[in-house]
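K.L.:
just to be clear, the model below is a prediction. Sequence and coordinates:
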Amino acid sequence: MMWKSVVYKEWLKIRWFLIGYTLLGILSIGYLFLTVKHGFAFTGGKNIWNTFLFLGHQFFSPLKYVPLVGGLTIAIAQYFPETVNKRIKLTFHLPLGENKALLMMHAFGAVSLLLSFLVFFGMFAGFSLVYFPVQMVTDSIISISPWFLAGFASYFLVALIVLEPEWKFRFYYSVVGGFFLTIYFAPAQTAAYGPANSGLFVLTAFLSIALLFSAYRFRKGEM
Amino acid sequence: MEKISRYLLVFIAILTLAIILPKLYWMAFEKPIRKPFILYSCIYDDFMIHRISEKTWKDTKGQQYTREEYEQKLPMMYLKQLLASGTMPDSIDGVELDMHDIAKAKSFFRLKINEIDAPVSGLYPLFESQSGRTMLDLPEDFFRITWRIDFIDAATNKVLEEKSQMFSAALFQKGFSFPAKTISGLSTPRKSIDEGYLIVDSKDQLFHLKMIKGNPYVKQIDFPDGLKFRHISCVDFKNKDFYAYLFSDKNEIYILTQDGYKLIKWPVDGFVASNCDLKIYGDLFNYTVIIEGEDHIKAIALNPDYQVVKTYTETWKLKEEQTEVKIFSSLFPAQVSMTSDNSKFIRFYFSPSKGLNWIFLNLLLMAFHFIWLYGRKVKLKNHMADLGIVAVCGIFGFIAIHFFQNKFFD
């Protein structure tokens, strides 16, 4: 039953941020496809397809930093309050095991983000299939996948940085984390990220338990 | 778990530093290699070499020329300048020069390494080849080749069933084996005429597909057994001598003539598609083929019958021999990049440094870390992995283990 309480506590912290971010994301995708629809009406479908296929225009490029913003928002909403008066210490006193409680919090945040991203992904794929054939939609998904992985990576990295007790190390982690995130955003032709996406997925998965390191330092009083 | 999370973070940091630090180093210290501009002179029967950075114009024997003298030896390239200065010859080798013929024969082709290893869209517009119009119109539909050829209307995103069936049947009847391996053509309406696409099918057979008056035109092109094409670049030259340059998996260069679909192999050696750029300048008298590698440039002049007239090769210091590369190899054991000059794909491109000079810095940093640990009176057995990381990953590992410190209570 303890996990339900942990989940409820996390929900109370992030709910408005999550709902607000998801709504903004939905509006962004809605706006994106309004521009596509407008383009089809005024420029013509064949010209929109042609610019996408041969002139390097990526209709989905306005989505580039939307997942990143989500990861940052949810991580700050979830972990920043824990550092005020070191409230996270209360979590460490739960009869769950320190890491288990922390991973439960983290999993809740990551799953919340995942649900939000799934809504975006589903909307993107669904609307795209209205206007574009499978090949173009697949290529688009290959191109936007690293951006969504960057959303998760930023969530994991911010948790790591916020829970780190020493400012000096927060700076170090921020430098590494900031540069690391750039690998998800290399300027690339549509579908060029195909060979890299599986590697980026593994690296993002590696980061999922990164906060255990700074949380350990936090609770052992490394400050 | 905390220790595992730390090692994963150290790994991420090493990867990040192996991308960023070399990138910053090259931004600060990389020197461009200025490749000479080489063309074959039909007047002088030798290559003329323009070194842009040095502002020199020479021939292969080292004879220096003024810019004007240089241009006069290349009348096909500097036609307008020579006409303006009144120094354009009336004839060359007994051939009277006609402006129309010169313009018609002039061509330029370029193939960069990264154009071969690049994502392809899989959808192409099939133009009407005999529309009777002087300007080509972009068609309303695009085709893809899977288990058949589908034409998809861009306005509705629906497959045009009748047209798809008609073209699929035409390809099938000519022996086309679905799906296609490569589809090559000029997908832009900004070309003088449409010649459709050259398609390699799943059995490595070559087909020419175009649309004439709304109907399919399919031609299977004969070529020697065992020949496989790695890349095909269709061209739209004014003289309409050939459809395309074709590059085999053995780095041979072929042309496919418009007159009778003859596949002609050019006697050009030294081209390696995976690490050479290619330029081909065509004119009334010659083709100059320029192969640019990392440490050399090779120029080959062909006559209009595609026979070699002359070759010239120039080499320069390998990048590895430059001082800044040697310093790099002493500082960094390797570099990782997400992009490459040889591909348009994003990958983790790992390049180990040449030589083993980096070992000295690695060992120095390892010794420094050892002394640092000794001064802190920690149990060394808990830090053996970190010492190993510095020994292998050098400066990247050293920074990574100090950013994510190994401070755990036993």
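P.N.:
Thanks, I have the structure now.
K.L.:
and the helix or strand that residue B:210 is a member of, what other elements does it pack with?
P.N.:
For residue B:210, the element it lies in under DSSP states H and E is strand B:206-212. Packed against strand B:206-212, as judged by 3 or more C-beta pairs under 8 Å, 6 or more residues apart in numbering or on different chains; DSSP states H and E, are the following elements: helix B:161-173, strand B:197-201, strand B:215-221. Any C-beta I mention is one placed from the backbone N, CA and C, and that applies to glycine too.
K.L.:
quick check: angle from it to helix B:161-173?
P.N.:
Using axes from the mean of the first three to the mean of the last three C-alpha atoms, to 10 degrees, the direction of strand B:206-212 lies 150 degrees away from that of helix B:161-173.
K.L.:
tell me the buried residues in strand B:206-212?
P.N.:
By 16 or more other C-beta atoms under 10 Å in any protein chain shown, the buried positions in strand B:206-212 come out as B:206, B:207, B:208, B:209, B:210, B:211.
K.L.:
deepest-packed of the helices and strands packed on strand B:206-212, please.
P.N.:
Burial of the helices and strands packed on strand B:206-212 is given as mean neighbour count (mean count of other C-beta atoms under 10 Å in any protein chain shown); strand B:197-201 ranks first at a mean of 22.
K.L.:
distance check, the residue nearest the centre of chain B against residue B:294.
P.N.:
Most central in chain B under C-alpha atoms, centre = their mean is residue B:113, positioned 1.8 Å from the mean C-alpha point. Shown here: residue B:113 relative to residue B:294, a distance of 10 Å by C-beta to C-beta, to the nearest Å.
K.L.:
show the average pLDDT along stretch B:361-379.
P.N.:
Here stretch B:361-379 scores 87 as its mean pLDDT.
K.L.:
tell me the gap between it and the middle of its chain.
P.N.:
Between the centre of stretch B:361-379 and the centre of its host chain there is 46 Å, according to C-alpha atoms, centre = their mean, to the nearest Å.
K.L.:
so which residue of the stretch 151-300 of chain B comes closest to chain A?
P.N.:
At 3.6 Å from chain A, residue B:154 is the closest residue in the stretch 151-300 of chain B, using C-beta to the nearest C-beta.
K.L.:
so who does the closest residue to that residue other than its chain neighbours touch?
P.N.:
The shortest distance from residue B:154 to any non-neighbouring residue, by C-beta to C-beta, 6 or more residues apart in numbering or on different chains, is to residue A:45 (3.6 Å). By C-beta atoms under 8 Å, 6 or more residues apart in numbering or on different chains, residue A:45 lies in contact with A:131, B:140, B:153, B:154, B:155, B:156, B:157.
K.L.:
correct me if wrong: the fourth one contacts residue B:142.
P.N.:
Yes: Residue B:154 lies in contact with residue B:142 (C-beta atoms under 8 Å); the separation is 6.3 Å.
K.L.:
and for those two, which residues touch both?
P.N.:
Common neighbours of residue B:154 and residue B:142, using C-beta under 8 Å, 6+ apart, are A:46, A:49.
K.L.:
so which bits of the stretch 201-350 of chain B are right by chain A?
P.N.:
Neighbours of chain A within the stretch 201-350 of chain B, by C-beta under 8 Å from any C-beta of the partner chain: B:338, B:339, B:344, B:345, B:346, B:347, B:348.
K.L.:
tell me the centre residue of chain A?
P.N.:
Compute the mean C-alpha point of chain A, and by C-alpha atoms, centre = their mean the closest residue is residue A:151, 1.9 Å away.
K.L.:
what are the phi and psi values at residue B:289?
P.N.:
Residue B:289 adopts backbone torsions of phi -100, psi 120, taken as degrees, to the nearest 10.
K.L.:
please identify the helix or strand for the residue nearest to it when sequence neighbours are not counted.
P.N.:
Excluding its sequence neighbours, the residue lying closest to residue B:289 (C-beta to C-beta, 6+ apart) is residue B:300, at 4.4 Å. In the assignment (DSSP H and E), residue B:300 maps to strand B:296-302.
K.L.:
ok, then the element right after that strand?
P.N.:
With elements assigned by DSSP H and E, the helix or strand that comes after strand B:296-302 is strand B:308-315.
K.L.:
neighbouring strands - and their directions - for that following strand?
P.N.:
strand B:296-302 (antiparallel) (DSSP bridges).
K.L.:
avg pLDDT for the partner strand?
P.N.:
For strand B:296-302, mean pLDDT is 95.
K.L.:
same question, stretch A:31-49
P.N.:
95.
K.L.:
then stretch B:28-39?
P.N.:
When pLDDT is averaged along stretch B:28-39, the result is 89.
K.L.:
thinking again about what came up before, joint contacts of residue B:113 and residue B:294?
P.N.:
Listed as contacting both residue B:113 and residue B:294 by C-beta under 8 Å, 6+ apart are residue B:275.
K.L.:
sorry, back to before: burial of the residue of the stretch 151-300 of chain B closest to chain A, as a residue count?
P.N.:
24 (other C-beta atoms under 10 Å in any protein chain shown).
K.L.:
count the residues that sit near residue A:170.
P.N.:
By the criterion of other C-beta under 10 Å, residue A:170 has 16 neighbours.
K.L.:
in this structure it contacts residue A:158, no?
P.N.:
No: assessed by C-beta under 8 Å, residue A:170 is found out of contact with residue A:158, at 10.6 Å.
K.L.:
show me what contacts residue B:6?
P.N.:
Counting by C-beta under 8 Å, 6+ apart, residue B:6 makes contact with A:213, B:404, B:406.
K.L.:
quick one: which of the residues you listed sit in helices?
P.N.:
residue A:213 (DSSP state H).
K.L.:
lowest pLDDT pick from the contacts of residue B:6?
P.N.:
Ranking those by pLDDT, residue B:406 lands last with 79.
K.L.:
the closest residue to that residue other than its chain neighbours sits in which helix or strand?
P.N.:
Excluding its sequence neighbours, the residue lying closest to residue B:406 (C-beta to C-beta, 6+ apart) is residue B:386, at 5.4 Å. In this assignment (DSSP H and E), residue B:386 forms part of helix B:384-403.
K.L.:
that older thread, please report how far the residue nearest to residue B:154 lies from residue B:356.
P.N.:
Distance, residue A:45 to residue B:356, by C-beta to C-beta: 58 Å.
K.L.:
burial count for residue A:137?
P.N.:
18.
K.L.:
touching, it and residue A:127? I think so.
P.N.:
No: Residue A:137 is beyond contact range of residue A:127, at 9.6 Å (criterion: C-beta under 8 Å).
K.L.:
for residue 82, helix, strand, or coil?
P.N.:
Looking at chain A here, since you left the chain open. Three-state call for residue A:82 (DSSP: H, G, I helix; E, B strand; the rest coil): helix.
K.L.:
so what pLDDT did the residue of the stretch 151-300 of chain B closest to chain A get?
P.N.:
So residue B:154 comes in at 96 (pLDDT).
K.L.:
just residue B:137 next, same as before
P.N.:
Looking at residue B:137, the pLDDT reads 91.
K.L.:
quick check, it in a strand?
P.N.:
No: secondary structure of residue B:137 (three-state DSSP): coil, not part of a strand.
K.L.:
buried residues in whichever helix in chain B runs longest, which are they?
P.N.:
Within chain B, and with DSSP H defining each element, the longest helix by residue count is helix B:2-29. Neighbour counts over helix B:2-29 (16+ other C-beta under 10 Å) mark B:2, B:5-23, B:25 as buried.
K.L.:
tell me the angle of that helix relative to helix B:384-403?
P.N.:
Going by the same axes, to 10 degrees, helix B:2-29 makes 60 degrees with helix B:384-403.
K.L.:
any idea how far residue B:101 is from residue B:94?
P.N.:
Residue B:94 sits 14 Å away from residue B:101, going by C-beta to C-beta.
K.L.:
make that residue A:128, sorry
P.N.:
For residue A:128, the distance to residue B:101 (C-beta to C-beta) stands at 51 Å.
K.L.:
neighbour count winner among those two?
P.N.:
residue A:128 (24 against 13).
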